[in-house]
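Colleague: For reference, the sequence and a predicted model appear below.
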Amino acid sequence: MTIKPLIILPDPVLRKTSEPVARVDDALKRFADDMLETMYEAPGIGLAAIQVGEPLRMLTIDISKEEEAKEPRVFLNPEIVSRSEDFSVYEEGCLSIPEYFAEVERPARVSVRYLGLDGEMHEEEAEGLLATCLQHEIDHLNGVLFIDYLSKLKRDMVIKKFTKAARTKRVTA
């Protein structure tokens, strides 16, 4: 397994729409293992393939608590098929926007259809943190970041901060 480098804001790759996974094979399963290892190392609870530079409709999630056994999940070609009318607010962060957190309001429950690594279609209802994490990661597959849910002023401040940091890093490198 290999830890992949994370794509960081303002890299335009994060705004790309990801392509569907065509088939489940050994190479894809190895990539899923790499994504999980990268997510755990970061550390994070979710990771979309685009965040490691692969524009595939694939994401990994593990919302287990530190003291619990790991529960890695892989979702291929996930799509939200229904959303609740009630909302919940969670403080979100993102491995591609390190050390920045903000409260985001999203539907409290979603129904998600996806292909599993077993090659079978699955559908499940999610609520709470899992629902939030699925929505956050599926947004990545569509080129949407959690900061897009913030006010224009807050979003512009975050983008400006990360753009300046990227410029500074290029100059000193």
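Modeller: Now that the structure is in, tell me what you want to look at. These numbers come from a predicted model, not from an experiment.
Colleague: which residues sit in contact with residue 76?
Modeller: Going by CB atoms under 8 Å, 6 or more residues apart in numbering, residue 76 touches 21, 24, 28, 57, 58, 114, 115, 116, 117. C-betas here are computed from N, CA, C, even on glycine.
Colleague: Output the contacting helices and strands for the host helix or strand of residue 91.
Modeller: For residue 91, the host element (DSSP states H and E) is strand 87-94. If contacts are counted by 3 or more CB pairs under 8 Å, 6 or more residues apart in numbering; DSSP states H and E, strand 87-94 sits against strand 97-107, helix 128-141.
Colleague: Can you name the element that comes right after the last one?
Modeller: Using DSSP H and E, the helix or strand that directly follows helix 128-141 along the chain is helix 152-172.
Colleague: Show me which positions of that following helix end up buried.
Modeller: By neighbour count with 16 or more other CB atoms under 10 Å, helix 152-172 contains the buried residues 155, 158, 162.
Colleague: Apart from its chain neighbours, what residue comes closest to the second one?
Modeller: Among residues not flanking residue 158 along the chain, residue 147 sits closest, at 5.2 Å (CB to CB, 6 or more residues apart in numbering).
Colleague: ok, back up a step: just send the buried residues of helix 152-172 back as TSV, with distance to residue 87 too.
Modeller: As requested, the buried residues of helix 152-172 are exported to TSV (distance: CB to CB, whole Å):
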residue	distance to residue 87
155	19
158	22
162	27
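Colleague: and of those residues, the nearest to residue 37?
Modeller: Nearest to residue 37 out of these is residue 162 (CB to CB; 24.9 Å).
Colleague: show me what contacts that closest one?
Modeller: 8, 9, 10, 97.
Colleague: Give me the buried subset of the residues you listed.
Modeller: By neighbour count, with 16+ other CB under 10 Å, these hold 8, 9, 10, 97 as buried.
Colleague: pretty sure the last one contacts residue 145?
Modeller: Yes: under the criterion of CB atoms under 8 Å, residue 97 is in contact with residue 145, at a separation of 6.9 Å.
Colleague: Can you pull the residues that touch both of the two?
Modeller: Common neighbours of residue 97 and residue 145 (CB under 8 Å, 6+ apart) are residue 9.
Colleague: Perfect, that will be all.
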